[in-house]
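Chemist: no sequence on this one, just coordinates:
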């Protein structure tokens, strides 16, 4: 008996010691002003470290190697570009370039650079660093980065503060594109000294301090930053892939931001007074693409029949827990050139109308029905297809669902090995970004769409300096696409972040590439 | 014994070749490649994608690529990750300490529960306590790691605040994932301990020891347990090798930066050098652990030691 009591007491002792191993809480347990409207007085002391729980892994500190949401969040903090972009006002802003001029032929751009910018290694930024960045980019690992830099015919440093680039072809989206983190400045000295780690040296407000791929990234404030200094001293990004575990870490105070919480746990966040949910309609557009190279999908009447047979709201409610907004066009709703007023263009919205669907079906090559394979990946898309399967059965359309993993889906997409594919795409704010969806030969043109007039309009629009004329070109593109229906846009999924209520200064973007430069949390 | 150990190490070579061949070809059969994963949603043309494939060497036949890979392996080069651009060995060694820590902690939890439980069940064979103990052990095997991990986080981290919810930055961070994995290992080891002890407890020499007045505690712990250890060590060794391979589910739930997640992420990204290199390293580690287990037999059982001395041949 005594022995068992001793064993029990020892166990309690061990657990007591171990309980002291839990890190101190980093969040505020009491309600605080909203993260979006700071009311905290200036004399407030701020926590030295803010911790962000990430749902995606980062694998590199090199901005030219990878471009996706998770990496762009990092690169926005550690590096700067020539220009910036304000999503709210849709304006291009100066960043490392104070001003710029475009030549009459629209191919030559001259940028006047800031004179007070330093890299994290102490070197001053000059036009020569930009020359290096452009030359280096022409051989980048990332194909998109490589293609962009190869669209620059030549570059010259007029003087230390003046950079001149000459494009192969005019590009009115150049300034928006240059705001993308992949096109930030690299230090010639840093990269030539250390090709592996040199690209991680930027001019941003934050310095790469520690990077453990698949675990965490620690950034330290750069005290020689050219802009306003953040109040926080370090930012830690922890990779917690499991959504529930990530939310629990936020509730525990181990992290201050939980990116992309599970939709099924939003009620938990709303019920917790110490937390706030930041929700927004994200840029990811989910759609169906009909492979024009397959006989079953080449008939526009069949495609329109499917478009009118779909009750997209039911799909949103069933597959996305109601957390999405219906898409009315194959364009980013925030993107330059977005148009969806179909009635003014003499067309109808793709709203659920079974009678209309039956009419189109009767006029199609398959009035008695047809079997079509729909290919996709991920559970929620498969759930959406199951709903679509039911919605199309009244038309006699037998849907076979072909589920593959993510890599398999991109492989099938590349090879054109599908009839209909369900996919998602996130456009940037640049109007010309839709090129990858509609331009013949593009690997993202999942409909294998090839309309010479659309191709011509896209080329005209990207070279057109007059905004109003560009908008007309893009309107015509969308009108043609809507009529021919090679794609059926479904919805833009909602996304969000759960944060500790006291958090301030975070700037949330529809693209998911949130700006944490000035994030701060009051110290307890 | 040294000769036996060397023979076992040399036998690992064909195993490594077989495993690497299998993995390399399976990865090649899987749809998609690194280029389609990283550039599938861009505006690059097929020609540009093919150029990228050529830069990764993917335009060569799988046999040529495998041969080149093994040529590098013989020189100690496990290849370069398609995703990170860093040497595979560097990434593996970076994650290995965390995996070893978790494996050791999990085995500690498992041994701490299963051996006393197995001994107790054997001694109380057929009783209510025996049945309860075995049901308890089976529960640990039946409960999914994913669910158990989350429940432990909710109770011990969120509500009680005793441990962090995940990560490896603090000492307490290892407790919950170790308990999650250890609980799953307990059932098999407890049952093995129980059945092995039952075989030994019935032996005549123990009856003789009791008759000579040796205390029951000494009979069980010194005489019976030692003779029952061989199957226990076999199972425990196998389980340790298994946990050393990384437990993907537990690593994901607890954000534990181990080898398991590294391999799964590499498979999803079609990072063939990383997958092949990590699995080769896992194979080598498992081979070494199994060898250590075999050598441990010799320490425990002099009859086995003599067998090894004869080159593994029975008399």
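Modeler: That came in fine, so what should we check first? A quick note: this is a predicted structure, and the numbers were derived from the prediction, not measured.

Chemist: so what's the spatially most central residue of chain B up against?
Modeler: By C-alpha atoms, centre = their mean, chain B has its centre lying nearest to residue B:242, at 2.0 Å. By C-beta atoms under 8 Å, 6 or more residues apart in numbering or on different chains, no residues touch residue B:242. (Glycine included, C-beta is placed from N, CA and C.)

Chemist: element containing residue 255?
Modeler: You didn't say which chain, so I picked chain A. Per DSSP states H and E, residue A:255 falls between elements, in no helix or strand.

Chemist: Would the host helix or strand of residue A:470 count as contacting chain B?
Modeler: Secondary-structure element containing residue A:470, defined by DSSP H and E: helix A:467-484. No: Helix A:467-484 lies apart from chain B when judged by C-beta under 8 Å from any C-beta of the partner chain; the minimum separation is 15.2 Å.

Chemist: Identify the nearest residue to residue A:345 in space, disregarding sequence-adjacent positions?
Modeler: Using C-beta to C-beta, 6 or more residues apart in numbering or on different chains and skipping residues adjacent in sequence, the residue nearest residue A:345 is residue A:479, 4.8 Å away.

Chemist: Quick one: neighbours of that neighbour, just the number.
Modeler: By other C-beta atoms under 10 Å in any protein chain shown, 17 other residues sit near residue A:479.

Chemist: Okay, helices next: where are they in the stretch 101-250 of chain B?
Modeler: Taking DSSP state H, counting those that start in this stretch as the criterion, the stretch 101-250 of chain B carries its helices at B:128-142, B:145-152, B:175-201, B:204-211, B:216-218, B:225-244, B:248-253.

Chemist: To residue A:103, which of those lies closest?
Modeler: Comparing those against residue A:103 with C-beta to C-beta, the closest turns out to be helix B:248-253 (53.4 Å).

Chemist: May I see the buried residues of the helix holding residue A:470?
Modeler: A:470-479, A:481-482, A:484 (16 or more other C-beta atoms under 10 Å in any protein chain shown).

Chemist: Need those residues in JSON lines (columns: pLDDT and distance to residue A:334).
Modeler: Shown next, in JSON lines, are these (pLDDT from 0 to 100; distance: C-beta to C-beta, whole Å):
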{"residue": "A:470", "pLDDT": "97", "distance to residue A:334": "16"}
{"residue": "A:471", "pLDDT": "96", "distance to residue A:334": "15"}
{"residue": "A:472", "pLDDT": "96", "distance to residue A:334": "20"}
{"residue": "A:473", "pLDDT": "97", "distance to residue A:334": "19"}
{"residue": "A:474", "pLDDT": "97", "distance to residue A:334": "14"}
{"residue": "A:475", "pLDDT": "96", "distance to residue A:334": "17"}
{"residue": "A:476", "pLDDT": "96", "distance to residue A:334": "21"}
{"residue": "A:477", "pLDDT": "97", "distance to residue A:334": "17"}
{"residue": "A:478", "pLDDT": "96", "distance to residue A:334": "15"}
{"residue": "A:479", "pLDDT": "96", "distance to residue A:334": "20"}
{"residue": "A:481", "pLDDT": "96", "distance to residue A:334": "18"}
{"residue": "A:482", "pLDDT": "95", "distance to residue A:334": "19"}
{"residue": "A:484", "pLDDT": "95", "distance to residue A:334": "24"}
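
Chemist: wait, which of those residues is closest to chain B?
Modeler: Checking the buried residues of helix A:467-484 against chain B with C-beta to the nearest C-beta, the nearest one is residue A:477 at 15.2 Å.

Chemist: what does the stretch 201-315 of chain B have sitting close to chain A?
Modeler: Counting by C-beta under 8 Å from any C-beta, the stretch 201-315 of chain B sits next to chain A at B:252, B:253, B:254, B:255, B:257, B:261, B:262, B:265, B:268, B:269, B:270.

Chemist: Mind doing that once more with 6 Å?
Modeler: Counting by C-beta under 6 Å from any C-beta of the partner chain, the positions of the stretch 201-315 of chain B adjacent to chain A are B:252, B:253, B:255, B:257, B:270.
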